[in-house]
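J.: Turn this into a model:
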Amino acid sequence: MFKKENLNDNTLVQQFVNGDQSAIETLVTRHKNRVYTYIVLLVKNQQLAEDIFQDTFIKVIRSLKMGKYTENGKFVSWVLRIAHNLIIDHFRKEKLLSTTSNDDSEFDLFNSQKFSDENIEDRLVYDQITSDVRKLVDELPDDQRQVIVMRHYMGLSFKEIAEQTDVSINTALGRMRYALINLRKLIEKNNLQLTKI
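T.: Take a look at the predicted model:
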């Protein structure tokens, strides 16, 4: 009988899918430090990192049970991608929920152009542009897409991106440069209008 610690990730995934609960415990134990470190480096808050870590493995377990894992041999990369997406979701929600107080200001903040309601046309145009750009970002090679998401969607510095992706700052900058060049080509190729007419 093999010790579970000696089995590879794929075998453990298969055992868990086939009903062996202890297989997922071995996988979590094996990868928890890497996954948790990745999350805490991005969110910079231990409590939040612990919450996202738990949510990540809840989603991993659900996805495995539903047969959504198809990436043989890349289990930890798949888990990190789930964590990454949950982090992005968190920051998006946080941005939507952020509020402004009028109490500490000498003038009426809410009687300002900055806070005035945009018309529905502006909102639709903005949503369409955002959607188009996101689709184009998804077409980029993995390393370029990763640096765009980390920089523009998560607000990380190039130093943080370099640390997260285990490359030099110059490599991270180079990936961003190529990503932007490729995005421009995709915009031209798809004949997209990314500004209001």
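J.: Domain-wise, how is the chain divided?
T.: Using automatic domain parsing, the domain parsing of the chain gives 1-98, 119-197.
J.: can you list those domains in JSON lines and add mean pLDDT?
T.: Output for the domains of the chain, formatted as JSON lines (pLDDT from 0 to 100):
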{"stretch": "domain 1-98", "mean pLDDT": "86"}
{"stretch": "domain 119-197", "mean pLDDT": "81"}
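J.: I'd like those domains laid out as CSV, including mean neighbour count.
T.: From N, CA and C alone the C-beta is placed, and that goes for glycine too. Below are the domains of the chain laid out as CSV (neighbours: other C-beta atoms under 10 Å):
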stretch, mean neighbour count
domain 1-98, 15
domain 119-197, 14
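J.: measure residue 191 to residue 130 for me?
T.: Distance from residue 191 to residue 130, counting by C-beta to C-beta, to the nearest Å: 18 Å.
J.: got it, and residue 152?
T.: Per C-beta to C-beta, residue 152 is found 11 Å from residue 130.
J.: Going along the chain, name the helices of the chain.
T.: 9-17, 21-43, 46-65, 75-97, 120-139, 142-148, 158-165, 169-189 (DSSP state H).
J.: Could you point out which of the ones you listed sits nearest residue 3?
T.: helix 21-43 (9.3 Å; C-beta to C-beta).
J.: the inter-axis angle of the closest one versus helix 9-17?
T.: Following axes from the mean of the first three to the mean of the last three C-alpha atoms, to 10 degrees, one obtains 120 degrees for the angle between helix 21-43 and helix 9-17.
J.: I'd like to know which elements helix 21-43 is packed against.
T.: Applying 3 or more C-beta pairs under 8 Å, 6 or more residues apart in numbering; DSSP states H and E, one finds that helix 21-43 contacts helix 9-17, helix 46-65, helix 75-97, helix 158-165.
J.: Reformat the ones you listed as TSV; add distance to residue 39.
T.: Compiled in TSV, these are given as follows (distance: least, C-beta to C-beta, whole Å):
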stretch	distance to residue 39
helix 9-17	19
helix 46-65	5
helix 75-97	5
helix 158-165	11
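J.: returning to what we had before: can you list the helices of the chain in CSV and add distance to residue 3?
T.: Putting the helices of the chain into CSV (distance: least, C-beta to C-beta, whole Å) gives the following:
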stretch, distance to residue 3
helix 9-17, 12
helix 21-43, 9
helix 46-65, 21
helix 75-97, 18
helix 120-139, 41
helix 142-148, 34
helix 158-165, 33
helix 169-189, 39
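J.: give me phi/psi at residue 157?
T.: When quoted as degrees, to the nearest 10, the phi and psi of residue 157 stand at phi -80, psi 160.
J.: and what of the one 10 residues further on?
T.: According to degrees, to the nearest 10, the main-chain angles of residue 167 amount to phi -130, psi 170.
J.: residues contacting the residue lying closest to it once chain neighbours are set aside?
T.: Residue nearest to residue 167 in three dimensions, not counting chain neighbours: residue 175, with 7.9 Å by C-beta to C-beta, 6 or more residues apart in numbering. Contact analysis of residue 175 by C-beta atoms under 8 Å, 6 or more residues apart in numbering lists 143, 144, 146, 147, 167.
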